[in-house]
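> here's a sequence, model it:
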Amino acid sequence: MYRQMRAVVAAVALTASCALAQHSAYVVGSPDAGTTTVAADGAVQENWGQVRLVLEGAPAATCALSVDPVPTVTVSSSAGAVTLTTEVFRAPVWPSGVDVLTARVRNTAESPRTAAVVLALPEGAEAGERTVAAGGRNVLALPASLTPKRKGRDWGWTAGGQALPGWAKPQGPGDPAFRSIRAGMGGVPITYLFAVPPRGGRKVVLGLCESHWAEAGQRPLLLNVEGVAPEQVDPVAAWGQHQPACLLFDGRDADGDGFLRVSVDPVEAAPDRNTILNVIWLFTPDKAIDTAEVLAGRLTAAAERSVDVGGQRDQSFYEGGDLRYELSLKPNEEVRFDLLLACSGGAVPSPEAAAWPAGALRKAATDVWRDFFAQAAKLSVPAPGRLTAYRCALARTVMARAQAEAFYYPVEAPGGAFSPVLASRAAYALDLAGLHLEAERLVRLYWDKPAPKPFQGLSQTDAGEWPVQTDWPDTQALALLTLGRHAVLSGDAGWARRAAPAVRAGAKWLIAKLEEGGEGSPLQTQGLRAAGQLLRLAGDDAVPVWAKVHALSETQQSQHSLLPRTYPDGAISLREALVADDGQTLTVLRGASENWLRSPGIVCEGLPTSFGPVSLQAALSGDTLRVSLQLPAGAAVQALTVHLPEVGGRRPDRATLQGKSAGIEDGSAVQMLNVGGKVVLEAKYP
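All right, here's what the predicted structure looks like:
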């Protein structure tokens, strides 16, 4: 059984490592707000479709991720002397956030240049003047500073707010089109254009049905038909709630541009400035109109145009397809513009109603992420790539996680299934970084009952068993390891006492299974050891657990080598390269390189270990490496190993420890036994 289990583990690990090698995308997001994927070519993948900004004539773009502190993907491309640089990040705008795509087009030449930038949109997206709609909601806000080259239709909305099919509840007989509306949320006008002969006239009938407000005076509307004086109407005061009605206007193309403009605008002093419109009919000037007949739907067939506003017979004024922006750039000129993209099932704020400059959105995102990282232990290494991977892994553990009430688990992407391996690695990464509260949220589903309904299938049974999950055969040992490791690294005895009943029951279940036969696996030994450490911290009886640990054969593999790689390993690997421990020994600078030690060197404060918080400073000056290590007061580290990396291909030839000469093992490490307090080591390179 256990030999088969190891084979499964090896296969899972191989599959995971291959998947990581093929990974070619990045994620951005906000804590508990899901993630958005940005491909290596700059394509932003939202749940409503894919958007990409492309510089015409440019070859393949380059893509990079930074987390300083906001997770941001930067994409760069160039065509001759013109460059395009875009940045994508998530801004925490209520309620679901928006993704911000900031673009900079620059002419690096000393002479004028022209350039074309294409905004590639998903199939079926409809663009208005300032917004793009998909699936009945506004999903993209366009820049006000640029106008794309595009073709118009004979009629359609140019500023339409949000389509809400089936929103209205008209009472009595009438045209079915009254059931749908467009809503200009935030006071956005609803605007339509209709092609007519220049200076030509049309009879326009507007249909309204207010199904939200029951009281008069809440949402008066200003109806504007070109060529006619504006008319203010309060649908509830005039007809009542849920009562459809029609108003007739003799419109005319007053400016002679060949289009008749029809709009519904907000009344500035109204309590509710969200505009609504249900139906539009256009009739030729010679047509006799009885609004009662229009209301009943009996003149719809005779209309030149009938628009089911927000419903099936509705469209954007502009033809579909990508948007092309043509720019004329002066020497060394840079043009900057911003796009807002809806994420997490929400809609973008209406640009006509709310101004969201990218600078303000960036500041809001910076404040959120600065607060998050401020809770972590200080870790500074002059290795930008490794630091980015470290911060990205930590950020992703809180960006992408499923939540039900106060229970959480991390996912690879929004809507993903529970993975015990990912949950364990994410909690471990957070604990190693000192983010114990975030780690505690991820491990709660293992010990606290009852779990909310979406998570009930993950809860421990009354017999102490955690249900086996499809991606990992030994959920029991992994759950014990996850809980015990959190207790040890956080040092939270109060939490350990709350989790102790579940850990005691889980360990008892595993011991019983092992006693039925089998030598046990390294992971099971480690899981039971972690359970024993938690019970000891909680002041509970851990003797049966430790007895089984000592009876099992042990393998000197590190904990993470037993598990397939997941994205939290970007944080775990850097932390363990600096300071790692197994509960008895402490290993320092095992993965450090010469470049890490160059000025300003490594500075870490309060790194959690099983001995308590540890601080580390290591810097190379000339031919001398100085390492200062502060261990917790009263800590009893049985063995401490400080690795000394090669410098310029040379190994150190002498060292001092606490000012006294110390031996160097194999020319690469200094070892100490039963260490505590402050340790100062200096190594000299020939």
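
> for A538, what are its contacts?
Counting by Cβ atoms under 8 Å, 6 or more residues apart in numbering, A538 touches A487, A493, A496, R497, A499, A500. The way it works is simple: take the backbone N, C-alpha and C, and place the C-beta from them, glycine included.

> let me see the contact set for the fourth one.
If a contact means Cβ under 8 Å, 6+ apart, then R497 has A538, G539, D540 as its contacts.

> report the buried residues of stretch 204-224.
By 16 or more other Cβ atoms under 10 Å, the buried positions in stretch 204-224 come out as 204-212, 218-224.

> can you pick out the ones from these that are in strands?
V204, V205, L206, G207, L208, L221, L222, L223, N224 (DSSP state E).

> now intersect the contacts of R497 with the strands, please.
Assignment to strands by DSSP E places none of the contacts of R497 there.

> go through the residues you listed and name the one nearest I572.
Proximity of the contacts of R497 to I572 (Cβ to Cβ) peaks at A538, which lies at 25.5 Å.

> which of the buried residues of stretch 204-224 sits closest to E304?
V204 (10.3 Å).

> hang on, that closest one packs against W281?
Yes. Counting by Cβ atoms under 8 Å, a contact exists between V204 and W281, whose distance comes to 7.3 Å.

> mind listing what the closest residue to D257 other than its chain neighbours touches?
Using Cβ to Cβ, 6 or more residues apart in numbering and skipping residues adjacent in sequence, the residue nearest D257 is P198, 7.2 Å away. By Cβ under 8 Å, 6+ apart, the residues touching P198 are D253, G256, D257, G258.

> among those, who's most crowded?
Of all the contacts of P198, the most densely surrounded is D253 (21 neighbours; neighbours counted as other Cβ atoms under 10 Å).

> let me see the contact set for that one.
Contacts of D253 (Cβ under 8 Å, 6+ apart): V196, P197, P198, R199, G200, G201, E226, G227, F259, L260.

> count the neighbours of the residue nearest to the first one when sequence neighbours are not counted for me.
Closest residue in space to V196, ignoring its immediate chain neighbours: L260 at 4.9 Å, by Cβ to Cβ, 6+ apart. Close neighbours of L260, defined as other Cβ under 10 Å, add up to 25.

> give me the phi and psi angles of L260.
phi -100, psi 120 (degrees, to the nearest 10).

> and the closest residue in space to Q584 that isn't next to it in sequence, how far from A662?
Excluding its sequence neighbours, the residue lying closest to Q584 (Cβ to Cβ, 6+ apart) is Q638, at 4.8 Å. In this view, Q638 and A662 are 18 Å apart by Cβ to Cβ, to the nearest Å.

> surely L673 and Q638 touch.
Yes. Counting by Cβ under 8 Å, L673 touches Q638, with 6.8 Å between them.

> more neighbours, those two?
Between L673 and Q638, counted using other Cβ under 10 Å, Q638 has the larger neighbour count: 13 against 9.

> the more buried one: helix or strand, and which one exactly?
strand 637-643 (DSSP states H and E).

> partners of the next helix or strand after that strand, with directions?
Where DSSP H and E defines the elements, the next helix or strand beyond strand 637-643 is strand 654-657. On the basis of DSSP bridges, the sheet neighbours of strand 654-657 come out as strand 660-662 (antiparallel), strand 678-684 (antiparallel).

> show me what counts as buried in strand 654-657.
A655, L657.

> now do the strands in the stretch 101-250 of the chain.
With DSSP state E, counting those that start in this stretch as the criterion, the stretch 101-250 of the chain has strands at 113-120, 126-127, 131-134, 137-141, 155-159, 162-164, 181-184, 190-195, 201-208, 221-225, 231-233, 245-252.

> thinking again about what came up before, return the set of buried residues in the strand holding Q638.
V637, L640, T641, V642, H643.

> just to check, the last one is in contact with R590?
Looking back up the chat, that one is H643. Yes. The pair H643 / R590 is scored as a contact, 5.0 Å apart, by Cβ under 8 Å.
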